[in-house]
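Novice: Got a sequence here, can you build the structure:
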Amino acid sequence: MAVSLSIDVSATFTAEGADRFDVRADLDVADGETLVVLGPSGSGKTLLLETVAGFHDHEGSVTLDGDRLSGLAPEERNLGFVFQDYALFPHLSVRENVAFGERYHDRTRDPDELLAALGVADLADRYPPTLSGGERQRVALARALLVRPSAFLLDEPLSALDVPTRQSLREDLADVLADETAVYVTHNRTTARMLADRVAVIDDGDIVQSGSPEAVFERPASPFVARFTGANCLDLTAGDLAHLADGTYLTVRPEHVELGAADPDFAARVERVFPEDGRSRVALAVGDDRLDAYAEESLAVGDEVGVRIPDDRAYVLDDASELRG
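Specialist: Just a heads-up that it's a prediction; the model follows:
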């Protein structure tokens with residue numbers, strides 16, 4: 001049965017020949033909630049997850065339903081960990097991999113029932129090197145489920161998969177994680193929006209914003225969060241955009257930008273066109289800024305188009321201190 005997870009940790013990592021890197025997080029995961037930690041490569045996502053799992057020493061505490069886990073070995077924490085690289089034993093069969101947790105836990109599920117539930121029962125006698133990425137991921141998920149963990153930790157388990165397999169497994173994960181307590185780390189915005197009850201954005205080891213997916217994606221707290229989550233971030237202090245709002249930056253998601261409006265806020269030039277199913281995503285030049293939007297009508301590079309930013313879909317930032325790049 002799912003339980004609440006509380007994370008308040010600070011850890012320092014220094015690899016050989018590398019600079020010191022600090023990870024700090026103060027997060028609560030409610031009973032049955034999936035928290036997605038979203039951030040770029042090298043931001044500390046995996047280090048944070050491994051710290052919670054007990055692989056690294058840290059200051060602060062990790063508690064599971066009020067019980068302190070800090071100081072316990074990973075196998076004593078009752079957390080199901082799904083690794084990015086699957087971490088299956090190549091010399092063990094699929095069934096033996098899934099059943100591995102029976103060595104350390106008394107109350108486990110039936111391996112064959114789990115394989116059947118995840119659609120890979122026919123792979124039970126095969127070995128990991130003979131499996132596809134999607135098959136290995138399903139086996140890894142079955143292994144984590146076997147020990148009936150109180151909470152799940154998932155380290156970008158879909159990142160190495162092709163698009164159709166990733167989409168299919170996303171749907172399976174949404175079903176598996178429903179009503180489970182889970183922390184899922186990823187750099188993929190689509191995965192975050194599909195799986196998360198709540199999102200925490202991490203950058204350079206720090207949680208820089210957390211909230212519901214709608215709050216984080218629609219109302220980013222900084223230019224970094226805006227750009228990483230796929231929103232436009234327009235400089236209001238340059239060019240002819242100052243009339244749009246009082247502030248330093250204006251953020252708006254591409255899907256809310258209106259092109260070809262009868263009463264445009266400004267004009268922009270089409271720089272690139274990216275055809276997608278049923279419509280096109282276009283990159284527009286607005287002074288020295290770039291504005292991404294979606295177009296239903298046919299547009300070509302070099303076209304001038306009127307742009308309107310709906311007031312109820314735009315968010316103004318006054319502080320540029322967290323601007324990256």
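Novice: and the gap between the closest residue to Val37 other than its chain neighbours and Thr34?
Specialist: Spatial nearest neighbour of Val37, excluding adjacent residues (Cβ to Cβ, 6 or more residues apart in numbering): Val185 at 4.4 Å. Where C-beta positions appear, they are placed from N, C-alpha and C, glycine not excepted. Distance of Val185 to Thr34, computed by Cβ to Cβ, to the nearest Å: 11 Å.
Novice: Can you name the residues bridging to the residue nearest to Val37?
Specialist: Beta-bridge pairing of Val185, defined through DSSP bridges, involves Val37, Asp155.
Novice: Equivalent analysis for Thr63, please.
Specialist: In beta-bridge terms (that is, DSSP bridges), Thr63 pairs with Ser6, Arg68.
Novice: burial of it, as a residue count?
Specialist: Using other Cβ atoms under 10 Å, Thr63 has 16 neighbouring residues.
Novice: Next, count neighbours for Arg166.
Specialist: Arg166: 19 neighbours (other Cβ under 10 Å).
Novice: Please apply the same query to Glu171.
Specialist: 11.
Novice: what about it, distance to Val94?
Specialist: Per Cβ to Cβ, Glu171 is found 22 Å from Val94.
Novice: Would you state the helices of the stretch 201-325 of the chain in chain order?
Specialist: Along the stretch 201-325 of the chain, the stretches classed as helices by DSSP state H, counting those that start in this stretch are 213-218, 223-228.
Novice: which of Val185 and Thr34 has more neighbours?
Specialist: Val185 (27 against 24).
Novice: Tell me who's in contact with that one.
Specialist: Val36, Val37, Leu38, Gly39, Lys45, Thr46, Leu48, Leu49, Leu154, Asp155, Glu156 (Cβ atoms under 8 Å, 6 or more residues apart in numbering).
Novice: Please identify the buried residues of stretch 282-295?
Specialist: Residues of stretch 282-295 classed as buried by neighbour count (16 or more other Cβ atoms under 10 Å): Val282, Ala283, Leu284, Val286, Asp289, Leu291, Asp292, Ala293, Tyr294, Ala295.
Novice: The fourth one: what's it in contact with?
Specialist: It stands for Val286. Leu234, Gly239, Leu241, Phe266, Ala268, Val307.
Novice: Bridged to the first one, which residues?
Specialist: This means Leu234. Bridge pairing for Leu234 - DSSP bridges - gives Leu250.
Novice: could you check the distance from it over to Leu27?
Specialist: According to Cβ to Cβ, Leu234 stands 31 Å off from Leu27.
Novice: Mind checking which of those two has more residues around it?
Specialist: The residue with more neighbours, out of Leu234 and Leu27, is Leu234; 24 against 18, by other Cβ under 10 Å.
Novice: Does that one touch Ala242 like I think?
Specialist: No: counting by Cβ atoms under 8 Å, Leu234 sits too far from Ala242 to count as a contact (10.6 Å).
Novice: need the strands for the stretch 1-150 of the chain, in chain order.
Specialist: In the stretch 1-150 of the chain, the strands defined using DSSP state E, counting those that start in this stretch lie at 5-13, 21-29, 34-38, 59-64, 67-68, 79-82.
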